[in-house]
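Engineer: Provided below are the primary sequence and the corresponding predicted coordinates.
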Amino acid sequence: MSLQDHASLEAINSITLGTKMPTVTLPDGRKVQTGTVGALIVNIKEYDLIVGQGADGDAKKKEELEDKFRAAMVTLKIAGIFGLFTPDEWINGTSAGRKFVGELAKSEGL
């Protein structure tokens, strides 16, 4: 993940969670952005609300949330979220946000 990607994810997480979220260095030297899983949960809830509104939903906001999901993928992989819940487990169920994240993870080979 590039420094620019870290800065972008830091901004996304900080804005979503309402506080500055630091980047930490793992024992193997990789840097990851804290708050990513928390921001993901908040964003999935918002995505589900928008999708639930059907044609009346805010398409621009939905697209922005999808971009936030994309920005989080590498950090979510490093955090092991797709080992805890496989992409197929994310896809199954009633949450449109979880489904989008699961399909994105599968498309990226996670």
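Structural biologist: Thanks, I have it.

Engineer: I'd like the distance from the residue positioned nearest the centre of the chain to L26, if you could.
Structural biologist: Centroid-nearest residue in the chain, with Cα atoms, centre = their mean: F69, separated by 3.5 Å. Taking Cβ to Cβ, to the nearest Å as the measure, F69 falls 22 Å from L26. Using the backbone N, CA and C atoms, a C-beta is placed for each residue, glycine as well.

Engineer: pretty sure the residue nearest to the centre of the chain is touching V42, no?
Structural biologist: No. Applying Cβ atoms under 8 Å as the test, F69 and V42 come out as separate, 11.7 Å apart.

Engineer: Give me the buried stretch members for the helix or strand hosting L49, please.
Structural biologist: Using DSSP states H and E, L49 sits in helix 36-52. Neighbour counts over helix 36-52 (16 or more other Cβ atoms under 10 Å) mark 36, 39-40, 42-44, 46-48, 50-51 as buried.

Engineer: got those as a markdown table, with distance to L65 and pLDDT columns?
Structural biologist: As requested, the buried residues of helix 36-52 are exported to a markdown table (distance: Cβ to Cβ, whole Å; pLDDT from 0 to 100):
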| residue | distance to L65 | pLDDT |
| --- | --- | --- |
| T36 | 14 | 92 |
| A39 | 11 | 94 |
| L40 | 10 | 95 |
| V42 | 10 | 96 |
| N43 | 5 | 97 |
| I44 | 8 | 97 |
| E46 | 6 | 96 |
| Y47 | 5 | 97 |
| D48 | 10 | 97 |
| I50 | 7 | 94 |
| V51 | 10 | 93 |
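
Engineer: need these in CSV with distance to S107, can you?
Structural biologist: Formatted as CSV, these follow (distance: Cβ to Cβ, whole Å):
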residue, distance to S107
T36, 19
A39, 21
L40, 17
V42, 23
N43, 18
I44, 17
E46, 22
Y47, 17
D48, 20
I50, 21
V51, 19
